[in-house]
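# After the sequence you'll find the predicted model.
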Amino acid sequence: MPMKVAPLIEATGRRLPKGKRGGIELLLVHNVEHLGKQGEVIEVKRGYAYNYLLPQGLATVATEHHKRMVEKHRTKLEEIARERLAGLRSVLQELIRTSVTIEANANDEGHLYGSVGAAEISRSLKQQDLMVSAEQIILQGPLKEVGLYTVKVKLAPEVEGDLKVWVVPSSSEAGAK
């Protein structure tokens, strides 16, 4: 006897809204990479909705009530996003005006005995009261020689700039015993 497919019904007993292409219409509660931004109405396959988006709390059912609520709060969310970007841009302007000096053990030719990475640069910036995480510092590879480097800093997708990093040999040779 063939098995019947149950209609798409959420936990409250109501039928989930179907989209134009046969998927389920959901309203994103959070930004989901490669899918959409918070407040957007999306259409996804049933399994993705039931097994990932709804249980993780990333989306909710796209009812007319939820859509109206999002429209009402969209201007408020946009204002918060604008303020956040303005703050990040001011931090970036300060970073561009700043340079970082990092001391590292090096030989006579200027090759480092280790390397300088994003974590060391981030630590040095935090000592200057500039809060930048190591994930926001984009290196082409570890810095392995003494010199001046230009490093990309990406605070947000729209906010990125260059930071000057000086790698200098350690002034004390006490650690090289």
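Happy to help now that I have it.
# can you give me the strands for the protein?
Using DSSP state E, the strands assigned to the chain run over residues 24-28, 41-44, 59-61, 99-104, 111-116, 137-138, 143-145, 147-156, 159-169.
# residue nearest the centroid of this structure?
Ala156 (6.7 Å; CA atoms, centre = their mean).
# what's the closest residue to that residue other than its chain neighbours in contact with, if anything?
Distances taken as CB to CB, 6 or more residues apart in numbering place Leu88 nearest to Ala156, at 5.3 Å, with adjacent residues excluded. For glycine as for every other residue, the C-beta is placed from the backbone atoms N, C-alpha and C. Residues counted as contacts of Leu88 (CB atoms under 8 Å, 6 or more residues apart in numbering) are 155-156, 159.
# Outline the domain layout of the chain.
Per automatic domain parsing, the domain ranges recorded for the chain read 24-87, 88-171.
# Between the ones you listed, which has the poorest mean confidence score?
Of all the domains of the chain, the minimum mean pLDDT falls on domain 24-87 (a mean of 86).
# Ser124: neighbour count?
18 (other CB atoms under 10 Å).
# Relative to Asp129, how far out is the closest residue to Tyr52 other than its chain neighbours?
Distances taken as CB to CB, 6+ apart place Leu58 nearest to Tyr52, at 7.4 Å, with adjacent residues excluded. Distance of Leu58 to Asp129, computed by CB to CB, to the nearest Å: 35 Å.
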